[in-house]
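1. Structure of the sequence below:
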Amino acid sequence: MRIDKFLKNSRIIKRRQVAKEACENGRVTLNGTIAKAGSIVKEGDIIEIAFGKSNLKVKVTNLIEGAKKSSATEMYEVVDE
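-> Purely as a prediction, here's the structure:
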């Protein structure tokens, strides 16, 4: 699954276009490397997102296509805030 789609489906970022822009601006890393919007995410990957003054680090636990709002939090676990 593309990282921009994962961020949107998991509800970490609300819109896919915003996720894509975050990747283009270098605010998203995948396993320590700056991610492009089309980077492929696998279970076990570590994603770090810079939100202004704070950073969010999550581990991908499940890839669910078209996840419902109730199951979105099952897609990742927070490693560090």
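2. tell me, how many neighbours does Leu30 end up with?
-> Neighbourhood size, Leu30 [other C-beta atoms under 10 Å]: 20. The C-beta positions use only the backbone N, C-alpha and C, and glycine is treated the same way.
3. and it, what is it in contact with?
-> Ile3, Ser39, Val41, Asp45, Ile46, Ile47 (C-beta atoms under 8 Å, 6 or more residues apart in numbering).
4. Where does the residue nearest to the third one when sequence neighbours are not counted sit: helix, strand or coil?
-> Closest residue to Val41 in three dimensions, ignoring its sequence neighbours and counting by C-beta to C-beta, 6 or more residues apart in numbering: Phe6, at 4.7 Å. Here Phe6 is helix, with the state taken from DSSP: H, G, I helix; E, B strand; the rest coil.
5. Please report how far Phe6 lies from Leu63.
-> Using C-beta to C-beta, to the nearest Å, Phe6 is found at 7 Å from Leu63.
6. next one: Ser71
-> Ser71 is 12 Å from Leu63, by C-beta to C-beta.
7. Which one's more surrounded, Phe6 and Leu63?
-> Phe6 (26 against 16).
8. ok, that one - contacts?
-> Applying C-beta under 8 Å, 6+ apart to Phe6 gives the contacts Val41, Ile47, Val60, Leu63, Met75.
9. out of those residues, what pair is the most spread apart?
-> Ile47 and Leu63 (12.4 Å; C-beta to C-beta).
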